[in-house]
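J.: Give the three-dimensional model of this entry:
(2 chains)
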Amino acid sequence: MKVLVVDDQKANQIMLTGLLESFGHEVVCANNGREALDAFEQVQPQLVLLDVMMPEMDGFETAPRLKAMSGNIHLPIIFLTALDSQETLLECLKVGGDDFLSIPFEPVILQAKVNAHARVRELSYSLVQKNRTLAWHSARMEREQNVVQHMLENALAENQLQQPFVKSYLRPTSSFNGDVCLGRVGPFGNYYLFLGDFTGHGLAPATGALPVAQAFFSMAERGLSVGDMVTEFNSRLYKVLPDDMFCAALVVEMSANGDRISCWSGGVPDALLLDTQGQLEHRIKPQHMALGILPRAQFNSQLEHYFVTPGQRLVMFSDGVVEACNHQGEMIGEERFADWVTEMLDSECSEAQFSAIVERIDSFTGDTPLNDDLSLLCLKCQATGLEPQAKPQNEYNLPFELRVVLTEHDIRNRDPMQRMVDSLAKLDALQPHKTSLYLLFAESFNNLLEHSVLDMQSELKQQESFERYYEERQSRIEQLQGLEIYFDIDYHPTSQQLSFTLSSNTEHRFDGKHAGNSANESEDTFGRGINLITQVADEVEWRDGGSLLYVRYSLSRPLA
Amino acid sequence: MSVTREFSADQKQLIISIKGKFDFSLVQEFRQAYSHIGDSEPLVIIDLRETEYLDSSALGMLLNMRKSLGSTVKGIHLINARPEVKRILDISRFEKMFTIA
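T.: Numbering: from 1, shown residues only, chains lettered A, B, ... in the order given. Got it, this is the predicted structure:
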């Protein structure tokens, strides 16, 4: 240990140096306070023995300056004093002295005091080091939390919770919310809502929200059923969550015209379905265990479906709402909350009414700290008014002509039309038309195959013989030999037209009568094919005396 | 499975979903989906949200179902048809025989 001895008396300096060095310390001497201050930076002493009476600068003035120079790290100062007066000692303490040593002294006293203060100094030093480490970790933690926060915000950027028919209120207990509320428009103008409550709150549950949010958005975009959604959420969470964590959830789909609600509820409080007068019509009770608990094989995705009328509302909330306590420790409770809801919401379900409920919760809980995240959602049943969303298209496509020659091998046990359309639909410009293109291809192809090649009678497709017709069709296909069917497809991106001709190497011809051509409104189960082609396509023509069918379809037509 | 059948929790609705291609290749699966519905007179819901392809044989199968179920069900709804599918149902005037929602 490095000791600075500050004394104007050479004799004392020599005596102290001798003793301290014999105890194993390193000693530097200064003749007065001024010299001590000058030496401090260079010597970096760990302990100071300081005389009181000195020329230039005395000990009382020097002590606080040395302390200040040492900063955060404790610098023990032991005053050397021949004076034993009470005032002097008090003054020593006042200016920051830690101990005294009256000269003369027993060497063992000096040894004891130096050792004791060395330990204090060591402790202080390690504390400062630890604080530094702690500060570093804390800064790093904060930086990482910011990164996760940023990731979550990005992942939730696709959230479409802001809708005229949705009111939402979320109050997390920490900066990361263990509750997750997601909304998303589906491809039919339908709308999906997800209310999830992960066990606990903070970083861990917020991280669990990531895979669920991603699955929710992509499945909603594809218009999948709530049953398929929850099955996927459950599988993902079952895989990633530790055993003691799960996610209570309510997933709801409202149809585009707002007349139908489908939901899956697992582990959340009863959702309240109100009638148009604002009275409680039905409690949607949780039918299932929360997500992330059961393996796929045991998971139950059965839904509940309700027909609703405009003006009905569905009120959903996490248990943080009904378990919120007032200062006496009394919870709001499901009954009381249901009363509030029916009392305060009418069919209008306005912002003001919704805010009134939130205020009621706030005034009940007062300043009692929340112990769980709190989420409240209100879905008003009405036509969503959301247009099916068209995907952005790559406008630039190359024109092409394509000849597909099908033989009996391609027809047996396969559906060549699906394969053709699947391939064509890989082009952005054709993808939105795949259903119509399939219909045109399949009907034309089946017409040619069944009536010109196989010589089938479509009247066979009566109620009882519908299946027999297809059995017969299949058995005739098995007997085919040397058949070639030609598809010549022509795509013009500039005029947005796709046309095709269909013909075969057989002698038979397309025959409108033979193929059946019943009126639109017929309830017959057969004979719609040609009719569908002529209405879905923009131009249909039998050419070459009926041996070739020409079909033109305009890709610029609106789909709906 | 291209055809799935599920009763709602209250047994009042039978939901049949058809995924991918709806044509005569599903004729047996589809018929099985609406068989043995019991005497609870459920509402039959055909969910077409994942039906990408259909042709006239599918329309025939729907009409067959309607004839076969008759008054043993409360009604038949065709729901969640994509715009293209909806157009084909409209062309066939199916709204006269089914509830299209």
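J.: alpha carbons only for contacts and neighbour counts from here, please
T.: Noted.
J.: Helices along chain B, start to end?
T.: Secondary structure of chain B (DSSP state H): helices at B:27-33, B:56-69, B:83-91.
J.: got the CA positions of the last one in CSV?
T.: When you say that, I think you mean helix B:83-91. Presented in CSV, the C-alpha positions along helix B:83-91 are these (Å, rounded to 0.1, in the frame of the first residue of the first chain):
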residue,chain,number,x,y,z
PRO,B,83,-64.5,-12.1,-55.3
GLU,B,84,-63.7,-14.4,-58.2
VAL,B,85,-65.6,-17.3,-56.6
LYS,B,86,-68.5,-14.9,-55.8
ARG,B,87,-68.7,-13.9,-59.4
ILE,B,88,-69.1,-17.5,-60.5
LEU,B,89,-71.8,-18.0,-57.9
ASP,B,90,-73.5,-14.9,-59.1
ILE,B,91,-73.4,-15.9,-62.7
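J.: how about the residues of chain B that lie near chain A?
T.: Within chain B, the positions near chain A by Cα under 8 Å from any Cα of the partner chain are B:6, B:8-10, B:13, B:24, B:27, B:49-50, B:52-57, B:59-61, B:63-64, B:80-88, B:91-93, B:101.
J.: And the buried ones among those, selectable in PyMOL?
T.: A single PyMOL command selects the buried members of the residues of chain B next to chain A (16 or more other Cα atoms under 10 Å in any protein chain shown):
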select buried, chain B and resi 8+13+24+27+49+50+52+53+54+55+56+57+59+60+61+63+64+80+81+82+83+84+85+86+87+88+91+92+101
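J.: follow-up on the earlier one: for the helices of chain B, give me TSV that also has mean pLDDT.
T.: Shown next, in TSV, are the helices of chain B (pLDDT from 0 to 100):
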stretch	mean pLDDT
helix B:27-33	92
helix B:56-69	92
helix B:83-91	91
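J.: Dump the ones you listed to TSV, plus distance to A:L66.
T.: Shown next, in TSV, are the helices of chain B (distance: least, Cα to Cα, whole Å):
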stretch	distance to A:L66
helix B:27-33	91
helix B:56-69	95
helix B:83-91	84
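J.: Quick one, which of those gets closest to A:T534.
T.: helix B:83-91 (10.3 Å; Cα to Cα).
J.: what's the angle between the closest one and helix B:56-69?
T.: Orientation check (axes from the mean of the first three to the mean of the last three Cα atoms, to 10 degrees): helix B:83-91 against helix B:56-69 gives 60 degrees.
J.: ok, which residues in the stretch 251-400 of chain A are in contact with chain B?
T.: Counting by Cα under 8 Å from any Cα, the stretch 251-400 of chain A sits next to chain B at A:S255, A:N257, A:Q302, A:L303, A:E304, A:H305.
J.: Now the second one. Nearest residue, chain neighbours left out?
T.: Take A:N257 and drop its neighbours on the chain: the residue closest to it by Cα to Cα, 6 or more residues apart in numbering or on different chains is A:A383, 3.8 Å away.
J.: Pull the residues that contact stretch A:114-129.
T.: A:M1, A:Q46, A:L47, A:N72, A:I73, A:H74, A:L75, A:P76 (Cα atoms under 8 Å, 6 or more residues apart in numbering or on different chains).
J.: chain center to it: distance?
T.: From the chain centre to the centre of stretch A:114-129 is a distance of 49 Å (Cα atoms, centre = their mean, to the nearest Å).
J.: now stretch A:33-42
T.: Per Cα atoms, centre = their mean, the centroid offset for stretch A:33-42 relative to its chain is 61 Å.
J.: outside of that stretch, which residues touch it?
T.: Here stretch A:33-42 makes contact (Cα under 8 Å, 6+ apart) with A:4, A:6, A:29-30, A:54, A:56-59, A:61-62, A:65-66.
J.: one step back: is the residue nearest to A:N257 in contact with A:I261, as I believe?
T.: No - using Cα atoms under 8 Å, A:A383 is not in contact with A:I261; the gap is 11.8 Å.
J.: still on that earlier bit, tell me which of the helices of chain B sits nearest to A:G208.
T.: Taking the helices of chain B one by one with Cα to Cα, helix B:83-91 is closest: 35.3 Å.
J.: by contact count, what packs against that closest one?
T.: Where contact means 3 or more Cα pairs under 8 Å, 6 or more residues apart in numbering or on different chains; DSSP states H and E, helix B:83-91 is packed against helix A:434-447, helix A:529-536, strand B:51-54.
J.: Lowest average pLDDT across those?
T.: Lowest mean pLDDT within these: helix A:529-536, at a mean of 88.
J.: Tell me the gap between the helix or strand following that helix and the middle of its chain.
T.: Where DSSP states H and E defines the elements, the next helix or strand beyond helix A:529-536 is strand A:539-543. Between the centre of strand A:539-543 and the centre of its chain there are 53 Å (Cα atoms, centre = their mean).
J.: Looks to me like A:L273 is in a strand.
T.: Yes - judged by DSSP: H, G, I helix; E, B strand; the rest coil, A:L273 forms part of a strand.
J.: from memory it sits against A:R283, does it?
T.: Yes - counting by Cα under 8 Å, A:L273 touches A:R283, with 6.1 Å between them.
J.: more crowded one of the two?
T.: More neighbours surround A:L273 than the other of A:L273 and A:R283, with 23 against 15 (other Cα atoms under 10 Å in any protein chain shown).
J.: Okay, and the beta partners of that one?
T.: A:H282, A:L314 (DSSP bridges).
J.: so how far is chain B from it?
T.: 16 Å (Cα to the nearest Cα, to the nearest Å).
J.: Please apply the same query to A:L449.
T.: Taking Cα to the nearest Cα, one finds A:L449 at 14 Å from chain B.
J.: Which residue lies closest in space to A:T407, excluding its sequence neighbours?
T.: Nearest one to A:T407, counting by Cα to Cα, 6+ apart, is A:E484 at 4.8 Å.
J.: shouldn't that neighbour be in contact with A:I411?
T.: No - taking contacts as Cα under 8 Å, A:E484 lies outside contact range of A:I411: 10.4 Å.
J.: Contacts only, for A:A68.
T.: Contacts for A:A68 (Cα under 8 Å, 6+ apart) come out as none.
J.: quick one: secondary structure of A:Q13?
T.: Assigned state for A:Q13: helix (three-state reduction, three-state DSSP).
J.: List the residues that contact it.
T.: A:V5, A:V6, A:D7, A:C29.
J.: what does A:A63 give?
T.: A:L50, A:I77, A:V95, A:G96, A:G97.
J.: Roughly how far does the fourth one sit from chain B?
T.: When distance is defined by Cα to the nearest Cα, A:G96 is 79 Å away from chain B.
J.: ok, now the first one?
T.: A:L50 is 88 Å from chain B, where distance means Cα to the nearest Cα.
J.: Now intersect the contacts of A:Q13 with the helices, please.
T.: Going by DSSP H, the helices hold none of the contacts of A:Q13.
J.: need the contact list for A:S499.
T.: A:I489, A:D490, A:Y491, A:Y550, A:V551, A:R552, A:Y553.
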